[in-house]
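**Q** Could you work out the structure for the sequence below:
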Amino acid sequence: MALRTNKSIKGELENLGIGFDFESVRNLISDMQYLVDNGIYGNFFNVFKNWEDPVNVSAGMQNELQSISPLLTQAVSNGLTPEKSNIFSSYVDYYSFYHLYRFMEWVYSMNLGRGLQEEDVKAIFSSNIIEKIILGQENFEHVSPSTLNDSFFQDIKEVIWTDKHTEKFFDKLHDLLISKSFNQMEDREIAFKRELKRIAKFLTVCCTVGKGRRYITTIEVISSYKLLFKIIKMDIRHLVNTKEYKGLLICPVCNGYYYLQEDEIPDDFIQCSCGGNLVYSMSLENVKHYVGSFKEMVMDEKGLIAGAITSLMFGLIFNNVILIALLIGIVTIIMAKNYTDGFKYGFLTGNISGALFFMAVFISSIILSGVKFNQIPSIGGSTIFIFIMVVGVFAIYCRRIWTFMCQRSKKSAAD
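**A** Just a heads-up that it's a prediction; the model follows:
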């Protein structure tokens, strides 16, 4: 994709007619140039060209998306209903808002570098990103969350062109900008041009109402395209409703998992700390269906405590590291036959952690006694090395237990 330069900028601007600011349009063309030169426009078109709807576009799904969208709900309550609207209409109606949401889906997909899932779509529809765009215009990212006045939905119905010259200016400007991005127009390019024009017209109406006007001038037309280009080049990941991501990330390699927090999305994380690729799922049960190699490893709190107490008790009674290891292994095997997987995993983790703790204390006492009696040379390097290894492994298990406890507390708080 490359910019066409077969005409001079001056000649192109003269073809737009009269009654507009030349410098503003020149800056608009520069904005388009930036999008094309940096590959943003090409990437965006490729998203549109290869688009596959992430959700069923049936009436039932549209109703569900409408129910989670405060803006669409407000539009319906003010008389802009799907039944009274036409998806191909050139007038402002319910589908004007709906198509802007779909436009944001394309932007979000480009930001993420992948196709969208149902949670991604809901994160857009349940957010206030459209309200921010309408209220803030070119500074929409800085607008605090707010709802639109009901009068807005009445005002947009009454917006009209100042005259035929302004309407023709809009058409010619759109054709000029599109010509800057495509060398030839085929079916998908024509469809893309039509969709962008639909969005640009709706933004023009919103800009007009935002300025307290009823008649569209060339100023609002130019402002709407500047806003359109800003949306395309902006990363909107921080503007979606991250609360829609209620699942967890799972690593099939190490069986680790992490529940997303309210301000996180799956794409914030690249890889597991073990190097494995992360899988996002709404639940552990779902991921076991899709990832056959995943084996759920869930610790039971009672098993964890029982395992730690058992190993420490053996340590105090027998005071022998080798004997402790043997006894712990035997007890773990016995427990494994009669208890659930969660209890077994917790008991085993507690046992190992307790045993490692006892070994760390035992070896450290040897080292400290050597220091106390000035017998440092008598303490072999192998003893110190074993001590460091034991402490390191113990720290790893402590981290796992701490993560488990944090997950338990967060889950309890959520319940």
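**Q** which one is Cys207 nearest to, not counting chain neighbours?
**A** Glu220 (4.4 Å; Cβ to Cβ, 6 or more residues apart in numbering). Backbone N, C-alpha and C define where each C-beta goes, glycine included.
**Q** I'd say the one you found and Val209 touch.
**A** No - between Glu220 and Val209 there is no contact, the gap being 9.4 Å when judged by Cβ atoms under 8 Å.
**Q** Mind listing the shared neighbours of the two?
**A** Where contact means Cβ atoms under 8 Å, 6 or more residues apart in numbering, no residue is in contact with each of Glu220 and Val209.
**Q** hang on, the earlier thing: sec struct for the residue nearest to Cys207, please.
**A** helix (DSSP: H, G, I helix; E, B strand; the rest coil).
**Q** Tell me the spacing between it and Arg198.
**A** Glu220 sits 16 Å away from Arg198 when distances are taken as Cβ to Cβ, to the nearest Å.
**Q** Between those two, which is the more surrounded one?
**A** Glu220 (23 against 18; other Cβ atoms under 10 Å).
**Q** Can you give me the pLDDT of that one?
**A** Looking at Glu220, its pLDDT stands at 95.
**Q** again with Met234
**A** 93.
**Q** so who does it touch?
**A** The neighbourhood of Met234, defined by Cβ under 8 Å, 6+ apart, consists of 107, 141.
**Q** For the stretch 101-250 of the chain, which segments are assigned as strands?
**A** 160-161, 215-216, 248-250 (DSSP state E, counting those that start in this stretch).
**Q** just checking, what packs against the first one?
**A** It stands for strand 160-161. strand 215-216 (3 or more Cβ pairs under 8 Å, 6 or more residues apart in numbering; DSSP states H and E).
**Q** how about a cut-off of 10 Å?
**A** Using 3 or more Cβ pairs under 10 Å, 6 or more residues apart in numbering; DSSP states H and E, the elements in contact with strand 160-161 are helix 164-179, helix 187-210, strand 215-216.
**Q** relative orientation of the longest one and helix 164-179 in degrees?
**A** Read it as helix 187-210. 140 degrees (axes from the mean of the first three to the mean of the last three Cα atoms, to 10 degrees).
**Q** ok, back up a step: can you tell me which of the strands of the stretch 101-250 of the chain is most buried?
**A** Highest mean neighbour count among those (mean count of other Cβ atoms under 10 Å): strand 248-250, with a mean of 22.
**Q** Each with direction, which strands does that one pair with?
**A** strand 257-259 (antiparallel), strand 279-281 (antiparallel) (DSSP bridges).
**Q** could I get those as TSV with mean pLDDT and mean neighbour count?
**A** What follows is those, written out as TSV (pLDDT from 0 to 100; neighbours: other Cβ atoms under 10 Å):
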stretch	mean pLDDT	mean neighbour count
strand 257-259	81	17
strand 279-281	80	19
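**Q** that older thread, mean pLDDT and distance to Leu112 added to the helices and strands packed on strand 160-161, as JSON lines?
**A** Listed next are the helices and strands packed on strand 160-161 as JSON lines, based on pLDDT from 0 to 100; distance: least, Cβ to Cβ, whole Å:
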{"stretch": "helix 164-179", "mean pLDDT": "91", "distance to Leu112": "26"}
{"stretch": "helix 187-210", "mean pLDDT": "94", "distance to Leu112": "20"}
{"stretch": "strand 215-216", "mean pLDDT": "94", "distance to Leu112": "34"}
